[in-house]
Every structure is written in structure tokens, then in C-alpha cells.
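>>> I'd like to go over a predicted model; first the sequence, then the structure.
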There are 2 protein chains.
Amino acid sequence: MGSPGTGGRGPAHTLDLLWGTVRPGRRGPRGGLSVEAVVRAAMDLADAEGLAAVSMRRVAESLDVTTMSLYRYVPGKDDLCDLMLDAASGTPDTADWPDDWRGALEHLARDMRALFRRRPWVLEIPISGPPLGPNNLAWMEAGLAAMRDTALDTGERIRLLMLLTGHVRSEGQRDLSMERAGARTGVAPREWGRVYGEMLGRVLADERFPTLARHVREGMFDSPPNADPEEDFEAGLALLLDGVEALLARRAAAGDDEGPATG
Amino acid sequence: MGSPGTGGRGPAHTLDLLWGTVRPGRRGPRGGLSVEAVVRAAMDLADAEGLAAVSMRRVAESLDVTTMSLYRYVPGKDDLCDLMLDAASGTPDTADWPDDWRGALEHLARDMRALFRRRPWVLEIPISGPPLGPNNLAWMEAGLAAMRDTALDTGERIRLLMLLTGHVRSEGQRDLSMERAGARTGVAPREWGRVYGEMLGRVLADERFPTLARHVREGMFDSPPNADPEEDFEAGLALLLDGVEALLARRAAAGDDEGPATG
DNA sequence: CCCAAACCGTGTACGTCGTACACTTTGGTA
DNA sequence: TACCAAAGTGTACGACGTACACGGTTTGGG
């Protein structure tokens, strides 16, 4: 499971792979495969059977080549996953995004969420560093563009973007874990909250959680905590952006002799 | 890697494991091991060498027993990880938490963050469902208690708690990935931003990211985006709680004929 | 009192994983 | 044309989780 070897020829090569700027090599036979083909095969596998089904062997098998031939195109599995992540991220469609920063950021967050719902396995890929691929940077570009008219400085904009993606990822991972918890016990995802409540209710009856117990007794699990993931997501998003508005309002009130940010 | 078998005797047994309410069984030889001993050994291993080093074989080896004997105490590795998570979570120390909800929630978030800094491997454990262990519930209890005097309803309180833990986890995972990215390239974590900037700067010079390029040209990476994780964490936390305050203010302004929440 | 049931711990084995390494085949270039 | 980098193959190693059958130990019910 670990990486005994070095993996690749350094992060510079990984960057070339991400951006598709690999010199094909003039000598030798023309390769029948390509980085994109390998990545696409891996993505197809992940789409069909989940990330756990993506092994070098299975990917190679689906391409009708041997396992080791993949290593001619990809340094190792970790890098393959990084490539999959960027490829699956795609490019945000900002056509119908509104002009105001809040509306645009809401669209960004929702589009990102839709992406994770479409390809849940993206959330399972361990992030190995800052976003470096073109697609991930395209999302960053869209986010920064959405904030162009705000009074936030560069650091704040990036932080807010990170915060937003963090929220989208967290919420998506929670949804995923709920679904899988349901699959493991054989209960439908929606009914999990019921089981949850029963379990907790039985257990909390005689323990040292007064506040929790009070909430349970007041019917906390009649409508279980995460019954509507969409509402949780939207509420968190709204809270976050409300925080931003508060910050902007504070700033506008404080430095009103200063000119507004020039677009 | 997957779980071909059923793993355990259902989630009810896992709950018993978590709460330490396992009937020892009157017949047969007294076991030299125990669930706690196994979990502790696994945690020691994770503390020393990271979660990747925690395998059934290595845990058994550290306990001077064979691999399979572990399965007498733990249904499988997934459940072991769940147990490790709850055990590592410990119990929040609310002694020096202030009385106001905001201060208390800040302390909760910071204490949680400290926990993840102390045991980074906790963040690598894939969450398999809602919090069910006593320690995780203790954190939930503390969080709910912190909000006892607010005008939030139960659902909102839980959502806020989830949002907070999501933020702490996200930020911790980002720190972790940064550290590991540095380790992989052989660069110190602090210098990563520099490399990041160089890479992006080189790449962005001739591409289709106008806003991003503008920020880069304006010195975005002179002080790299995630140079100070602590500041990022605190800023996000503040933003979040500002959002809550805005919600509370809105609520207070709207329904002032309604009595305040009774503690 | 005794035997069978329950339980602990062991040993072996299977299928899977990532990937190192030596090899043959291929085809552009010096 | 001869060479050699590169594509693709085959084999192998050391891990992993865990199913399964077995022998040893304790204890409860008859």
C-alpha cells in the first residue's frame, strides 16, 4: 500500500503530466497508450465500481495491456490518483453565474457539490498537496473572478475559497459516509437516522450526557440530524457567506474615507 | 483492502465495543488480551509511525500474539479504526471554557484542532458513519452545552457543530497534506509555498487564468497562501461564528415578542 | 464428577495489492 | 544500416486483510 520506491522523477514531472506537457520522446515505438487514456480508464473504473476498484491491474486489464506497461505513462498509483482528481474536476461553467460575489460563490459551491455527487470517489482521493492541475486552477480562477469587486485582499480571497471548498468537501464526505454506513448495515440511507436515534436513545438513557439526553428526549431524532443533506449544506453555506458579509460591512464602516476596491 | 466478509456481528456489536459493554463470556480460557489493549497497541503504532503502519500483523506483533488472535477481540480492521478514532478523541476539558457560546465554541474548535495536531492520523481514518462512540459524543455534549443559552433550535445546533468539526477537520487535513507534500519533495513545509509560487508563476505566464495571473503578478505568492495555517484556521472560525451572530441578530430583530430560549 | 460447549490463540492459506527488475520488441535517428 | 531509447512483457517480492480448521483451556449443566 505504501510507496517503497520514489514513485516518479520529482514533482516537476507530475506537473508536466497534469498539464499534458510531456515530450513524447522521438525514439522508439509509438506508444499505443497515453496518459489521458490511462487516466480515462481509471476514471471509468472508478465511476463504475468506486475508487477501491481502481488498481493498477484492473486499469491495465481494462486497457488490454499488462500492469507494468502503465508505469511507462504514470509514475505510480498516487500520481494516477492526482491526475484522476484534476481530470474529474473538469472546468466550472460560469455562464449562468450572477455578477454579485455572493451569488457567484453560491453557484461555485453548488456546482462543486454537484461534481462530488456525480463522482463521489473524488472525495476519497487523499489530497497530496495544493491544487496544481489546470482544472483545479480553473475553479480557483472562477472563484477569484467572482470576488473581483469585493473589498477583500488576496489572502482573504484565497482563504475564503479554501474555506468554501472545505465546506463542500466536508459535506460531501459526510453524505458519503452516511450512504456507506447504510450500505454496511443494509438499511436505506434515509432510515439510518432512525437507527441512529434508537441506538443513541437506548444508550443515552443512563449516561452522563445531560444536554444531549435532553435534546434526545425532546425529539431530536424524530427528524434525524442529517436527514436532509441539502439543507445542511445550504445552511452552512449561508452561514459562511453571512460571515463574509459581516466582515465586509465592518470594513466598509471602518474605512469609509478609503476608496473602494478598483475593479 | 476491501471487506470480503461481513466483518462483525452487525453494528450493535460495534456499539458494544465502543462503549466497552462486551459480556466477557463465562466459558473458555481467560483472554490475555482485551479490546482496549488491542486498540492501545494500534494507537501506539499510529503515534509512532503513522496510520499507514497500522496493520493487523504489526499490531499483533507489538502485542506478541499472532495476527488472527486479534480477531477474537475486534471484528476487523475497519472497526479497529473506528475504535481508535473514538479512543484518540478523548474527552474535552471544558474547565476553562468561558460561559458565552462564542467563546466556548472557539475553545471547542481549538481544542479539537490541538487534538488533530497531536494525533494527525485521526484525520486519515475514513469516517464510517455518524459519531457513536462515548468520546465523540462527549464532544457533542460539550458543544451542545456551549449553545444552551442561544436562540438556536436543535437542528441548527447540531448543524453548527457539524460545520465546526468540518472546518477543523478540513483545516487539519490541509495542514497534513502540506506537510506530506513537503516531505515527498524534500522541501521544508514552510518553503513549499515558494516552490508552489515558482511552479504556478512559470505556468501561469502563458495561460488562460487572467484573474489568477493578476494576483500572481501582484505578489500573491510572495507570502504564499497557506503560509500560516493558524491564521487561516482562526480566520475561518471567526467568519463562521460571525455568520452565527448575524443569524442570531436577525432572529432577535424579527421575533422580539417571542420570549428568549429558556435554559 | 465429567463431558460437552464455549472460548482463546495458532498456523496455514488465498487472493489482492503496488511496483522493482530484467527482458524482448520496435522504430526513429545518427 | 547500426544503434539505442522507448514500449510493452513476464516474473517476482513483500506486504496486506482475513477465511478456515485445528488443538488447548476453562467452565457450566447433567
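Ah, there it is. All values derive from a computational prediction rather than experimental measurement.

>>> residue ranges with poor pLDDT in the stretch 1-150 of chain A?
Across the stretch 1-150 of chain A, the ranges flagged by pLDDT under 70 are A:1-9.

>>> interface residues of it facing DNA strand D?
Residues of the stretch 1-150 of chain A lying near DNA strand D by CB under 7 Å from any atom of the strand: A:1, A:24-25, A:27-33, A:65-69, A:72-73. The C-beta positions use only the backbone N, C-alpha and C, and glycine is treated the same way.

>>> let's see it at 6 Å
A:1, A:25, A:27-29, A:31-33, A:65-66, A:68-69, A:72 (CB under 6 Å from any atom of the strand).

>>> so A:Pro130, which state does it fall into?
The three-state label given to A:Pro130 by DSSP: H, G, I helix; E, B strand; the rest coil is coil.

>>> the nearest residue to A:Leu144 once chain neighbours are set aside: neighbouring residues, count only.
Spatial nearest neighbour of A:Leu144, chain neighbours left out: B:Thr211 (4.4 Å); criterion: CB to CB, 6 or more residues apart in numbering or on different chains. Using other CB atoms under 10 Å in any protein chain shown, B:Thr211 has 17 neighbouring residues.

>>> wait, B:Thr211 touches A:Ala145, no?
Yes. Judged on CB atoms under 8 Å, B:Thr211 makes contact with A:Ala145 at a distance of 4.5 Å.

>>> burial check on A:Leu160, number of neighbours?
Around A:Leu160 there are 26 other residues, counting by other CB under 10 Å.

>>> what sits against it?
A:105, A:147, A:152, A:244, B:239 (CB atoms under 8 Å, 6 or more residues apart in numbering or on different chains).

>>> one more pass at 10 Å, please.
By CB atoms under 10 Å, 6 or more residues apart in numbering or on different chains, the residues touching A:Leu160 are A:101, A:105, A:143-144, A:146-147, A:150, A:152, A:240-241, A:243-244, A:247, B:235-236, B:239.

>>> now A:Ala109
A:143, A:164-165, A:167-168, A:171, A:233-234, A:236-237, A:240-241.

>>> farthest pair in the residues you listed?
Greatest spatial distance in the contacts of A:Ala109: A:Gly143 and A:Glu234, 18.4 Å, computed using CB to CB.

>>> check which helix or strand covers the nearest residue to A:Val74 once chain neighbours are set aside.
Excluding the flanking residues, the one nearest A:Val74 by CB to CB, 6+ apart is A:Leu80, at 4.8 Å. For A:Leu80, the host element (DSSP states H and E) is helix A:77-89.

>>> and that helix, how far from the chain's centre?
12 Å (CA atoms, centre = their mean, to the nearest Å).

>>> likewise stretch A:246-254?
31 Å.

>>> and stretch A:76-91, by the same measure?
Counting by CA atoms, centre = their mean, stretch A:76-91 comes out at 12 Å from the chain centroid.

>>> buried ones in that stretch?
Buried residues in stretch A:76-91, defined by neighbour count with 16 or more other CB atoms under 10 Å in any protein chain shown: A:76-89.

>>> do it and DNA strand C meet?
Yes. Under the criterion of CB under 6 Å from any atom of the strand, DNA strand C is reached by stretch A:76-91 at A:76-77.

>>> please save the CA atoms from that stretch in PDB.
Output in PDB follows, covering the C-alpha atoms of stretch A:76-91 (Å, rounded to 0.1, in the frame of the first residue of the first chain):
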ATOM      1  CA  GLY A  76       2.700   5.300  -9.800                       C
ATOM      2  CA  LYS A  77      -0.700   5.000  -8.300                       C
ATOM      3  CA  ASP A  78      -0.500   8.100  -6.200                       C
ATOM      4  CA  ASP A  79       0.200  10.200  -9.200                       C
ATOM      5  CA  LEU A  80      -2.500   8.400 -11.100                       C
ATOM      6  CA  CYS A  81      -5.000   9.500  -8.400                       C
ATOM      7  CA  ASP A  82      -3.800  13.100  -8.600                       C
ATOM      8  CA  LEU A  83      -4.400  13.000 -12.400                       C
ATOM      9  CA  MET A  84      -7.800  11.500 -11.900                       C
ATOM     10  CA  LEU A  85      -8.700  14.200  -9.400                       C
ATOM     11  CA  ASP A  86      -7.800  17.000 -11.800                       C
ATOM     12  CA  ALA A  87      -9.400  15.300 -14.700                       C
ATOM     13  CA  ALA A  88     -12.600  14.600 -12.800                       C
ATOM     14  CA  SER A  89     -12.800  18.200 -11.600                       C
ATOM     15  CA  GLY A  90     -13.500  19.500 -15.000                       C
ATOM     16  CA  THR A  91     -14.000  23.100 -15.700                       C
END
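
>>> now the closest residue to chain B within the stretch 1-150 of chain A: closest residue in space, sequence neighbours ignored.
Nearest to chain B, among the residues of the stretch 1-150 of chain A, is A:Gly129, at 3.3 Å (CB to the nearest CB). If the residues on either side of it in the chain are set aside, A:Gly129 comes closest to B:Ala181, at 3.3 Å by CB to CB, 6+ apart.

>>> follow-up on the earlier one: now, which of the contacts of A:Leu160 lie within helices?
Taking DSSP state H as the definition of helices, those contribute A:101, A:105, A:143-144, A:146, A:240-241, A:243-244, A:247, B:235-236, B:239.

>>> closest to chain B out of the contacts of A:Ala109?
A:Gly236 (4.7 Å).

>>> pLDDT weak spots in the stretch 151-263 of chain A?
A:182-199, A:201-203, A:206-207, A:221-226, A:256-263.

>>> quick check, distance from the helix or strand harbouring A:Arg117 to the centre of its chain.
Using DSSP H and E, A:Arg117 maps to helix A:101-118. Centroid displacement of helix A:101-118 relative to its chain, using CA atoms, centre = their mean, is 11 Å.

>>> render the CA-only coordinates of that helix in CSV, please.
The C-alpha trace of helix A:101-118 is given here as CSV (Å, rounded to 0.1, in the frame of the first residue of the first chain):
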residue,chain,number,x,y,z
TRP,A,101,-20.0,37.9,-5.5
ARG,A,102,-22.4,36.1,-3.2
GLY,A,103,-24.5,34.7,-5.9
ALA,A,104,-21.4,33.6,-7.8
LEU,A,105,-19.8,32.0,-4.9
GLU,A,106,-23.0,30.2,-4.1
HIS,A,107,-23.1,28.8,-7.7
LEU,A,108,-19.5,27.8,-7.3
ALA,A,109,-20.2,25.9,-4.2
ARG,A,110,-23.3,24.2,-5.6
ASP,A,111,-21.5,23.3,-8.8
MET,A,112,-18.7,21.8,-6.9
ARG,A,113,-21.1,19.9,-4.8
ALA,A,114,-22.8,18.6,-7.9
LEU,A,115,-19.5,17.4,-9.1
PHE,A,116,-18.9,15.5,-5.9
ARG,A,117,-22.3,13.9,-6.1
ARG,A,118,-21.6,12.9,-9.7
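
>>> quick one, that helix and helix A:77-89 angle?
Our comparison of helix A:101-118 with helix A:77-89, counting by axes from the mean of the first three to the mean of the last three CA atoms, to 10 degrees, yields an angle of 120 degrees.

>>> check contacts around A:Tyr71.
A:8, A:38, A:56, A:60, A:77, A:80.

>>> taking the residues you listed together, which two end up most distant?
Greatest spatial distance among the contacts of A:Tyr71 (CB to CB): A:Gly8 and A:Ala60, at 18.0 Å.

>>> picking up where we left off before, which among the contacts of A:Leu160 gets closest to DNA strand C?
For these, the minimum distance to DNA strand C (CB to the nearest atom of the strand) is 32.3 Å, reached by A:Gly143.

>>> name the nearest residue to the closest one, sequence neighbours excluded.
Nearest-residue entry for A:Gly143: A:Leu161, 4.4 Å, with adjacent residues in sequence omitted and distances by CB to CB, 6+ apart.
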